[in-house]
Each structure stands twice: as C-alpha cells, then as structure tokens.
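Chemist: just a sequence and a predicted model for now, questions to come.
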Amino acid sequence: MEKLTGTVETIVFASDDGRFSVFRLRVDGQRGMAAATVNAEPPLVGQQVTLSGEWVRHPRFGEQFKAVSLTVAAPTSAEGIEKFLSSGAVEGVGPAVAHRLVEKFGQDTLDIIENAPHRLREIPGIGEKTAEKIHRSYQEKVELKDIMLWLEAHGVSGAYAARIYQQFGSFSLGVMQEDPYRLAQEVQGIGFTTADAIARSADVPADDPSRLLAGLDYTLSSVSSAGHCCVPAEFLIERAARLLEVPREAVSDAVRSALRMCRLYAERLGSETLIYPQQLYMAEKEVSDTLLYLKKAAAVFPVEDSSLLIDEWETTDRLDLADGQREAVAGALQYGIFVLTGGPGTGKTTVVRGMIAVLEKLGLTVLLGAPTGRAAKRLAESTGRRAMTVHRMLEAQGVSEDDGSMFAKDEDEPLEADVIILDEVSMMDILLMQHFLAAVPSGCHVILVGDVDQLPAVGPGAVLREILRSGVIPSVRLTEVFRQAEESIIVRNAHAINRGRMPECEPGTAFEFRETHSAEEASEVIVQLCADELAREGIDPMRDVQVLSPMHRQECGVDVLNKRLQEALNPKRPGRDERPAGWFTYRVGDKVMQIKNNYQKNVFNGDVGFITEITPELVTVRFGDELETDYEKSEMQELAPAYAVSVHKSQGSEYPVIILPLVPGHHIMLQRNLLYTAVTRAKERVVLVGSRAALRTAVENDRTRRRYTLLAERLAQVPEDAK
Ligand SMILES: Nc1ncnc2c1ncn2[C@@H]1O[C@H](COP(=O)(O)OP(=O)(O)OP(=O)(O)O)[C@@H](O)[C@H]1O
C-alpha cells in the first residue's frame, strides 16, 4: 500500500450518497497535480490529506490514485487556509472575505473562527449574524471531519460520517463512543454489522448488554422481514448467539432481561415459547382486541327485513345471487366485522356491489379502500365509487411509507363512516391493519374482502388467514365459479392449482405451457415471445404483457430478465438518453415500476409507467395517460425496471398477458400460492415457460412457509362472554 500526502486543489466529482468522490491534489514535494478517488465524501479544498492506496490506470481518465483510506489535517499555512476558505466550504465566506480574514489573522484564522468568533467582527463587512454563521458552518465541518477521522481510525469507512452527523449533530462522537448500537437503530443505512464494527473498535466487550440487545433486535427484525410476528425462543437464541459469537447462555440472559424491560414479549403455545419485538406484540394484541370489540359493538342498522332489500337489488341488477353471496350481502348489515373470501370469478366484486347498493339504500355512508393504489383503482372501477388506498384513507403523513408514516386518522380522530369495505386484504400486514382498525369509529361495520389463498403480505403477519383460522369472526367463503367457461380457462386453472391439480395447458389457448430444458433456454423463449411472437399477434409487449418471476437473482430472475428484455425491446441507440442508477441503466422508453407509495407525486407502489425524458438532473416518467412525474437522482430508488417484476410485486395488479418462468433453479420459490397468485394476475392469457417438473413441484408444494403469528389463537382464546 502506498501513501500520498498533499493539498486538495479541486473536487472533480462527489456522488449524492457520499460514497464516492474524485479530487485533484498538489502532492507534497512534487510538481504538478494528481487525481485521486476515494469511497467517501470528498475532502475540502485546501485541506491537507494523507491517502493510502495504490496507483491505477483508468481507461478514460488515465493515471489515478485509488485511496482506500483518507485522513485529513486542517490546513495550516496561511495560503492553505485562504484557499480552503475561498472554496465556499464555509458558509458566509467567499474569496474576498477569505482574503481579508487571512490578511488580518494569518495562521490563526481557523482558530479564531472556531474559538473566538466575536473577533471576526473586526473585519469590515462582518456583523454579528455573519460571524455566527461562519462559526456554525465551520464548526460543522470540524465535527464532520472529527467523525470521519474517528471512523477511519477505527477501521470503519468515513462515508458514514455525514449520515451520523445529520442524526446526532454535535453529539455524534459521544454516541459513537458511548452507545454505538444506537447508530443501527437511528441512522438509515447503518445496520448491526457496521454499528458492531464501530462498537468493537471502541472496545465494547462482546458480551456487553447493549451489544446483546442490539444483536437480538437485529435477529428479530430479520425474522419479521421474513413475515413473522414472533419467533420460537430457541431459534432466536440460536441465531443471535451465532451472529454475536457468544455462548447461548449469555443470549438467554439477555432475552430474560429484555422481557423484564418490556423490550421483548413472550407468549406460550403448547410447549413452545414465542418471542415478540414490542411493536409486533402490541400490533397483534391491538388487532385482536379491536376485532373482537368491533364484533361486539356493531351498530344496528334500521332495517326490518334485509332479504327484501337484497331481492330489490337483484331485480334491478338482473342477477340471482347464490346462497353464499346472499349471506355475505346480509352479513354487511348484520355484523360489526365480517370477512368475505373466495378465489377468482367467485363473485366477490359482485357481492361488494350488492353490499354498497343495500347500505346506500339505507342512507348509510360507505368508505372503500385497498392496500395498494392499483387495487384501489380496480375497486373504484368495478363499483363505480370512490376508493382510496388505506394509507390515503388514514391520511398518512410523510412522503412515503419508509419515512415511518404517522397517520392523521387514529382513535382520537377516527374515520367518518357507517361501513368500511376493504378489498385485497390478503396484502395487509399486521401493522397496517393495526393502524386501520385504530381509526375505525365505534359501531362502524368493517368488511374485509380478499382471496386468502393468495400470497400473504410482504410485511409481518398473515392477518386475513389468521382471522379465518380463528373461526370466531363471521365470514363467508365463496367457492362457486361464475365466470363463463370459454373466458375462464385461466380461472379454472387457478382453482385447479389451488386444489393441488395440474392446470390444463393447451397450445393455442389462453393457458399455454412452453417446455424448455434449461434456465437459459427459458429466458431466451421469454424474450422471443415478447419481442417477436406475441408482438406479431398484435399484442403490445410493453403495455399488454407482464413478465413475472418468482426470484430476483439467477438466469430467469427479475434482474436478468429486465436486462435482456430491455436489450430486446428498447435497445441502446445513439441519441436515446440514459441514466445509470445502481445495477440498471435506465433509457428513454423503458418500462418502469414505482415501488413505494409517494403521496406527493401521487404515484403508488405497483404503478407502471414509461420513461419519456432523461436530462442530467431529472428522469421523467409517464404513468397512464395523464400523469407525468419527474424523479431527481436521489429519488431513483423509488423506481425499478418493470419489463419483469416479482410475483410479490405484482400482487393487487392485473395484466392482459402474463408470462411466468418455472425452472428448477427457483426451487424454494416453487410454491402453490405463488403460482396461484401469478396466474390470477392474468385477464386474457397465461404463458408458463420452463420444465413440467418445476410446474409440478409448484402445484404440489402447499407447504407455504409457516408464519409465526398468534393472531388466530388470541382471537379464539378470549372467553366467549367477552367476545
Ligand atoms: N350470482 C351470479 N350469477 C351470475 N353471474 C354472476 C354471479 N355472481 C357473479 N357473477 C359473474 O361472475 C363474474 C365474476 O364475478 P366477480 O367479478 O364478482 O368475481 P370476483 O370474485 O370479484 O372475481 P375476481 O377476483 O377475479 O375479480 C362476473 O362476470 C359476474 O357478473
């Protein structure tokens, strides 16, 4: 490793996320300048830096010093100080003021800015406010530099400095030294591993209680991101002990003390003890309590004979409801909480329309919602009423959910409605359900509609399934399929798959299977179908076809398919602007998906659009016919390429044609409810591509991985008279 010392002359490039920069420096004892790169925030112009790393040859930029670490000393010479201050690094100081300051205070300038800012007023033109501004801005730089130095000195990348400073300001060094695990909890982008590296270098012992707790938190959060609300104690202890490299007994003790502090909670189920993080314990308990309360506190609507009202609607709508459907419409009038489930084409939407008609006839206010923007839009279209996302209904505050939404609607300011109907409830996790139920006014009837056989929510819990499993919440499960036979081979096959039977796949029908012998071949067939075969049949591969995949990585995973489909459907051309962002280079014309709800832009998770323009600052995306939205560089992570999307991401959306690869490499994802969810996204045509063996595995595998949650037990356990 070589060392290089010099004075920074110019900053050539600094990435927005502070993870990479290029600068030029005048190397000590040498003539001329050198270019250097570092995976960190850039130093300041005028700073004395010492780099260690190696010389490399960049194909475009030539000889560069690639630094793996950078340490900074404040400029010491008067000339260096003036250069540093002139660079605009300190607010309130430009070249003229810098010159006057150095002329007056010489080598002491920085010392005076830092420790005696009142003296800055000796310079004509600097008043009290400006002096204070200069002091504060310089102080910030000094602190940031100190944090960076501390991190580098402890073997952790200085790139985290800005984020730590943003969160803890002047307390940063204190937090890093005294309570480093707070970094993992409170600084975005810092996980347990980084916080642990910082803590260990600050000599925090391996069995320090704060370390054990942080390790438990981390293990529990990775468990909940796999969809669980709780986890068997044994499993938690085993995993945390392995992560922390400490004996199991130490972790057991930490669990016991966390339970005493109410940081963790425990429940017993048979011989098993299940451990919850506090947030999910509260969520599960509140959801259970509120559901039972709603059941008990249902308002009695002014209707003598509901069947007359239903008859009337059947006549106007020229429809004969099946018994289950009738029971469900009546359920909306009768119960404070009611669940309607059923597969595709079983008439859930028809029942919802019936419910709305009957409830409105009684002059009741009905609110409609769904967990995603796409699902809300479809609900609005099929009922002819306004429908909102649950987040919007609850008036989520904050730009996107990641900001840790707070909701304006809650128990203190509940929603205003007599009845609330939510669709696609299989996609709601326990936390969203908790927030929703908190905002339901007393006496209001809540109707939850969804297909319980779909994949559960991405977040923790399996709310819909658990409510049904409890057996204590009134519900109807529709099983009869009403869709016309000819248009419903997709629906028929969806039901077959759901019962564990192989689907009928016939060439030339709306449900085809293309046999391939390798993942490479499958991905070639998919590209050929989109770029050639379907296009020749007049199907627009960009707008009408959605390629889905069970996985992200691997040959037939979402990432590879996106690259290959982009190459085939929207190739590189001179004059077609591009923007690299992470692993994908976006191009004008690309099909993209919004992957977070963004209330300011009015675009929601799952919305698909096309890039219409790329400038050095902005990427413009058109969603639908009306909405055009600009994305700044820092917002690009809200987008993902959408030539192919994961089955999970497709939940709640429908497409004319879906193509799904099923190859043995997808092994763990070959599950019945995943295949079922994918197939039920298609309105007109399904093409499965892969091996029959993989299809069979998916159909037969109904061992959907168990989700640890005790919502059903909680609901069912409460003594009958309290329900
Ligand atoms: N009782 C009935 N008699 C005749 N046709 C019906 C009946 N119920 C529903 N249908 C028809 O069956 C089709 C499917 O119904 P609907 O759209 O309500 O089902 P769904 O469960 O919401 O389906 P999906 O989940 O696929 O949207 C529609 O064309 C609807 O008009």
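Modeler: Perfect, I can see it now. Numbers count the residues shown, from 1 in each chain.
Chemist: and the stretch 251-400 of the chain, which of its residues are near the ligand?
Modeler: Residues of the stretch 251-400 of the chain that fall close to the ligand, judged by CB under 6 Å from any ligand atom: 319-322, 325, 342, 344-350. Quick note: C-beta positions are derived from backbone N, CA and C, even for glycine.
Chemist: switch to 5 Å and redo it
Modeler: Leu321, Ala322, Pro344, Gly345, Thr346, Gly347, Lys348, Thr349, Thr350 (CB under 5 Å from any ligand atom).
Chemist: and the furthest pair within those residues?
Modeler: Based on CB to CB, the longest span within these runs between Leu321 and Pro344 and measures 18.0 Å.
Chemist: what is the burial count for the closest residue to Asp453 other than its chain neighbours?
Modeler: Leaving aside its sequence neighbours, Asp453 sits nearest to Asn498 (CB to CB, 6 or more residues apart in numbering; 5.3 Å). Close neighbours of Asn498, defined as other CB atoms under 10 Å, add up to 21.
Chemist: what's the pLDDT at Asn498?
Modeler: Note on Asn498: pLDDT of 90.
Chemist: likewise the one 10 residues further on?
Modeler: Model confidence at Gly508, given as pLDDT, is 85.
Chemist: confirm that it sits in a strand.
Modeler: No. Counting by DSSP: H, G, I helix; E, B strand; the rest coil, Gly508 is not part of a strand but coil.
Chemist: point to the helix or strand of this protein where mean pLDDT is at its lowest.
Modeler: Ranking every helix and strand in the chain by mean pLDDT, DSSP states H and E puts strand 396-397 at the bottom, with a mean of 76.
Chemist: which strands or helices does the next helix-or-strand element following that one pack on?
Modeler: Next in sequence after strand 396-397, counting helices and strands by DSSP states H and E, comes strand 406-407. Packing partners of strand 406-407 (3 or more CB pairs under 8 Å, 6 or more residues apart in numbering; DSSP states H and E): strand 396-397.
Chemist: who's in contact with the nearest residue to Ser210 once chain neighbours are set aside?
Modeler: When the adjacent residues along the chain are set aside, Ser210 lies closest to Tyr181, with 5.2 Å between them (CB to CB, 6+ apart). Each residue near Tyr181 by CB atoms under 8 Å, 6 or more residues apart in numbering is listed here: Phe192, Ala195, Asp196, Ala199, Ser210, Arg211, Leu213, Ala214.
Chemist: can I get the helix or strand where the fifth one lies as CSV, trimmed to CA atoms?
Modeler: When secondary structure is defined by DSSP H and E, Ser210 falls within helix 209-224. C-alpha atoms of helix 209-224 as CSV (Å, rounded to 0.1, in the frame of the first residue of the first chain):
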residue,chain,number,x,y,z
PRO,A,209,-25.6,-6.0,27.4
SER,A,210,-26.1,-3.2,24.8
ARG,A,211,-24.4,-5.4,22.2
LEU,A,212,-26.5,-8.5,23.1
LEU,A,213,-29.7,-6.4,22.9
ALA,A,214,-28.7,-5.0,19.6
GLY,A,215,-28.0,-8.5,18.3
LEU,A,216,-31.4,-9.6,19.4
ASP,A,217,-33.1,-6.6,17.8
TYR,A,218,-31.3,-7.3,14.6
THR,A,219,-32.2,-11.0,14.6
LEU,A,220,-35.8,-10.2,15.3
SER,A,221,-36.0,-7.6,12.6
SER,A,222,-34.6,-10.1,10.0
VAL,A,223,-37.3,-12.6,11.2
SER,A,224,-40.1,-10.0,10.9
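Chemist: next one: that helix to chain centre, how far?
Modeler: Using CA atoms, centre = their mean, to the nearest Å, the mean C-alpha position of helix 209-224 is found 20 Å from that of the whole chain.
Chemist: for it, buried residues please.
Modeler: Within helix 209-224, the residues scored as buried using 16 or more other CB atoms under 10 Å are 211-221, 223-224.
Chemist: just want the residue of the stretch 351-500 of the chain that's nearest the ligand.
Modeler: Nearest to the ligand, among the residues of the stretch 351-500 of the chain, is Phe482, at 3.2 Å (CB to the nearest ligand atom).
Chemist: what is the neighbour count of the residue lying closest to that residue once chain neighbours are set aside?
Modeler: Spatially, and ignoring its direct neighbours in sequence, Phe482 is nearest to Gly347 (5.2 Å; CB to CB, 6+ apart). With neighbours defined by other CB under 10 Å, the count for Gly347 comes to 22.
Chemist: how much space between the spatially closest residue to Lys83 that is not a sequence neighbour and Ala36?
Modeler: Using CB to CB, 6+ apart and skipping the chain neighbours, the partner closest in space to Lys83 is Gly46 (3.9 Å). In this view, Gly46 and Ala36 are 15 Å apart by CB to CB, to the nearest Å.
Chemist: hang on, Leu25 in a strand?
Modeler: Yes. With three-state DSSP as the criterion, Leu25 is part of a strand.
Chemist: who does it form a beta bridge with?
Modeler: With DSSP bridges as the criterion, Leu25 is bridged to Val8, Ala34.
Chemist: for it, give me its contacts.
Modeler: Applying CB under 8 Å, 6+ apart to Leu25 gives the contacts Leu4, Gly6, Thr7, Val8, Glu9, Met33, Ala34, Ala36, Val49.
Chemist: closest to the ligand among these?
Modeler: Among those, Ala36 lies closest to the ligand (CB to the nearest ligand atom), at 59.3 Å.
Chemist: pull the longest helix from the chain.
Modeler: Looking across the chain with DSSP state H, the single longest helix is helix 128-153.
Chemist: buried sites along that one?
Modeler: Within helix 128-153, the residues scored as buried using 16+ other CB under 10 Å are 130-131, 133-135, 137-138, 141, 143-145, 147-152.
Chemist: over to stretch 550-558?
Modeler: Pro550, Met551, Gln554, Glu555, Cys556, Gly557, Val558.
Chemist: average model confidence for that stretch?
Modeler: For stretch 550-558, the mean per-residue pLDDT is 86.
Chemist: what residues does that stretch touch?
Modeler: Residues contacting stretch 550-558 (CB under 8 Å, 6+ apart): 519-520, 522-523, 526, 549, 559-560, 644-647, 660-663, 665-666, 669-670, 674, 678, 690.
Chemist: returning to that earlier point: tell me how far the residue nearest to Ser210 lies from the ligand.
Modeler: Distance, Tyr181 to the ligand, using CB to the nearest ligand atom, to the nearest Å: 46 Å.
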